[in-house]
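Enquirer: I would like the atomic coordinates for the input below:
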Amino acid sequence: MATTLVPELGPKPAAAVSAPARRRRQPGPPVSVLLAGALLLLVLLVAVAPGLFTSGSPTATDPPAALRGPGAGAWLGTDQLGRDLYTRILYGARPSLLLGFGSTVLSVVLGAAFGLAAALGGRVADQVLMRLADALLALPALLLALLIVAVLGAGTVNVMLAIGIAFVPGYARLVRAEALVVRRSGYVESAVALGLPRRTIVLRHVLPNALAPLLTLAAVGFGTALISASGLSFLGLGPAAPSPEWGALLSAGRDFLQTAWWIGVFPGAAVTVTVIAVNVVGRHVQERFTRRSAR
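Expert: Numbering: from 1, shown residues only. Have a look, this model is predicted:
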């Protein structure tokens, strides 16, 4: 009697769904993240090579064309000296991004050193450094940066230093917490038992694992640093005139909101859109890192 082979019906067992198949089903980045990333790449390109997008000079004045509204001759209008606002916004991307990026790098480096010193320097060092961090965290970061600029004086470098120092306590506390977790981990205890030098353990095991979450936080913190730098420039503490920094452009337009609204609106829109794009991309990176760490 012949045996009839009947194909097996019904769902496949769970083991049949391989790990690669599960990985293939993972969705890619949302459209909003892709758009924000594309916008950031465009802003970065503008900052590196603004001459690709305009042939004008950001400091060239034309008094007869002062306060001209947006139109064919000047896409975003002109300011009170007849300077093309579109050109000035494009050339203002570089100093604005440099202020935000430089202050973020400074705060990450100082925060990492601060946090590692607190976590690995013993109980006394931990108590002293963390109480100092708590005292600094009691003040809003922008107010603390304003106080530092008041002491150091106005200028691009001083604004960068002020914002960098103001954001150090938040990064330091994160690095300290991560370093304490890593220090108690099994592989660090094994390295200590094998007699590896303390410097090697810190550089090879503690520091890389403590810095990973710090870098994801810095992706979000860059947006905050950018808007803080623009705020200090708005108060006249940033790059000196006629530098077309976005905060300075926004400050120049506040006196003409009734007669020439475009002088303040378009630089403010450049800051706002860039900060939103940074936050969207930064939050996405942070969420992916959190999900990967939880596995």
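Enquirer: neighbouring contacts of stretch 121-132?
Expert: Here stretch 121-132 makes contact (CB atoms under 8 Å, 6 or more residues apart in numbering) with 114, 117-119, 172-173, 176. Where you see a C-beta, it was placed from the backbone N, CA and C, and this is true even at glycine.
Enquirer: swap in stretch 58-66?
Expert: Stretch 58-66 is contacted by residues 73-74, 78-84, 87-88, 90-92, 242, 244 when judged by CB under 8 Å, 6+ apart.
Enquirer: Could you rerun that using 6 Å?
Expert: With CB atoms under 6 Å, 6 or more residues apart in numbering as the test, stretch 58-66 has contacts from 78, 80-83, 87-88, 91, 242, 244.
Enquirer: distance between it and the chain's centre?
Expert: Taking CA atoms, centre = their mean, to the nearest Å, one finds stretch 58-66 lying 34 Å from the centre of the chain it belongs to.
Enquirer: likewise stretch 118-137?
Expert: The answer for stretch 118-137 is 25 Å, by CA atoms, centre = their mean.
Enquirer: try stretch 217-226
Expert: Using CA atoms, centre = their mean, the offset of stretch 217-226 from its chain centre is 3 Å.
Enquirer: Extract the C-alpha set from it and format it as CSV.
Expert: What follows is stretch 217-226, C-alpha atoms only, in CSV (Å, rounded to 0.1, in the frame of the first residue of the first chain):
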residue,chain,number,x,y,z
LEU,A,217,23.8,61.9,25.5
ALA,A,218,26.2,64.4,23.8
ALA,A,219,24.2,63.9,20.6
VAL,A,220,21.2,65.4,22.3
GLY,A,221,23.3,67.9,24.3
PHE,A,222,24.7,69.4,21.1
GLY,A,223,21.3,70.9,20.4
THR,A,224,21.1,72.4,23.9
ALA,A,225,24.6,73.8,23.5
LEU,A,226,23.7,75.3,20.2
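Enquirer: Check what contacts that stretch and list those residues.
Expert: In contact with stretch 217-226 (CB under 6 Å, 6+ apart) are residues 100, 103-104, 108, 163, 275, 278-279, 282, 285.
Enquirer: any chance of these in JSON lines, with pLDDT too?
Expert: Listed next are the contacts of stretch 217-226 as JSON lines, based on pLDDT from 0 to 100:
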{"residue": "100", "pLDDT": "94"}
{"residue": "103", "pLDDT": "95"}
{"residue": "104", "pLDDT": "95"}
{"residue": "108", "pLDDT": "93"}
{"residue": "163", "pLDDT": "95"}
{"residue": "275", "pLDDT": "94"}
{"residue": "278", "pLDDT": "94"}
{"residue": "279", "pLDDT": "93"}
{"residue": "282", "pLDDT": "89"}
{"residue": "285", "pLDDT": "86"}
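Enquirer: Export the residues you listed as CSV, with columns for neighbour count.
Expert: Below are the contacts of stretch 217-226 laid out as CSV (neighbours: other CB atoms under 10 Å):
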residue, neighbour count
100, 25
103, 27
104, 24
108, 22
163, 30
275, 18
278, 25
279, 17
282, 20
285, 18
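Enquirer: Just the ones in strands from those, please.
Expert: Assigned to strands by DSSP state E, none of these qualify.
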